[in-house]
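>>> sequence and predicted structure are below.
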Amino acid sequence: MADTEQPEVATEPQARHVTYCGVCTLPPEYCEYGGTVKKCQEWLEQKHPDMYARIWSPEALEAATASLSVEAQKRAAKDAQKKTAKAEAAEQKHADKIAKSVVTIKRIERNKKKFVTAITGLEAFGLELKKVSKDLGKKFATGSSVTKLPNGGEEIVLQGDLSDEVEEFLLEKYSDIPEDNIELVDDKKKKKAAGA
């Protein structure tokens, strides 16, 4: 009975290469369930044209909907239109939010010749404040921290009067921030009235 059994050959499992979308980070087969279908399709067509043809070509879409009933095809078309409209509205809302957002670089006087520079409004552009704070601290060789504001937001505080240099650095390193959206403010302490 042991003579008839063949010894099993140990084979290593083969790794499978999975492509992920550069826009929504889902596999391209699932991009339609994300909110950025158009951008995902454009990315896939540029980076992986063969996969784009397999998933999004008119023949592939027709083959996928051929098995559906006429009513189901109409429903699918209507759902696709709704999803597209919703995604476009979300993109427009995000673009409007970025256009209205302002990065404020404030120079605050602490003592007679001591200043700190406070930067607010960076989170609207999708930047991680701790990472930006670390980059600024390294660039200008100064103390840098992220502090909470009373209104619930956060700001980056740098030691020293660096408002002009910070503006140049932000424009150079983070191209997502338009130059028109950066505002410089000089905040001085009110001096006591003489003879009071």
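Cool, got the structure.
>>> looking at this, Ser145 is in a strand?
Yes: counting by DSSP: H, G, I helix; E, B strand; the rest coil, Ser145 is part of a strand.
>>> ok, the nearest residue to Glu88 once chain neighbours are set aside - contacts?
Nearest non-adjacent residue to Glu88, counting by CB to CB, 6 or more residues apart in numbering: Lys38, 7.7 Å away. Where you see a C-beta, it was placed from the backbone N, CA and C, and this is true even at glycine. Counting by CB atoms under 8 Å, 6 or more residues apart in numbering, Lys38 touches 84, 87-88.
>>> so of those, which ones are in strands?
Taking DSSP state E, every one of those sits outside strands.
>>> related to what we said a few turns ago, tell me the secondary structure for the residue nearest to Glu88?
Going by three-state DSSP: Lys38 is helix.
>>> measure it to Ser69 for me?
As judged by CB to CB, to the nearest Å, Lys38 and Ser69 stand 28 Å apart.
>>> before we move on, what about Ala87?
When Ala87 is compared with Ser69 (using CB to CB), they lie 27 Å apart.
>>> and these two? which has more neighbours close in?
Higher neighbour count among Ala87 and Ser69: Ala87, with 17 against 8, using other CB atoms under 10 Å.
>>> confirm for me that that one is in contact with Cys40.
No: using CB atoms under 8 Å as the test, Ala87 is too far from Cys40 to be in contact (9.9 Å).
>>> who's in contact with the residue nearest the centre of the chain?
By CA atoms, centre = their mean, the mean C-alpha position of the chain lies nearest to Gly126, the distance being 5.0 Å. Going by CB under 8 Å, 6+ apart, Gly126 touches Asp176.
>>> how about 10 Å then?
94, 98, 174, 176 (CB atoms under 10 Å, 6 or more residues apart in numbering).
>>> looking at the residues you listed, which is nearest Leu136?
Lowest distance from Leu136 to these (CB to CB) belongs to Tyr174, with 11.1 Å.
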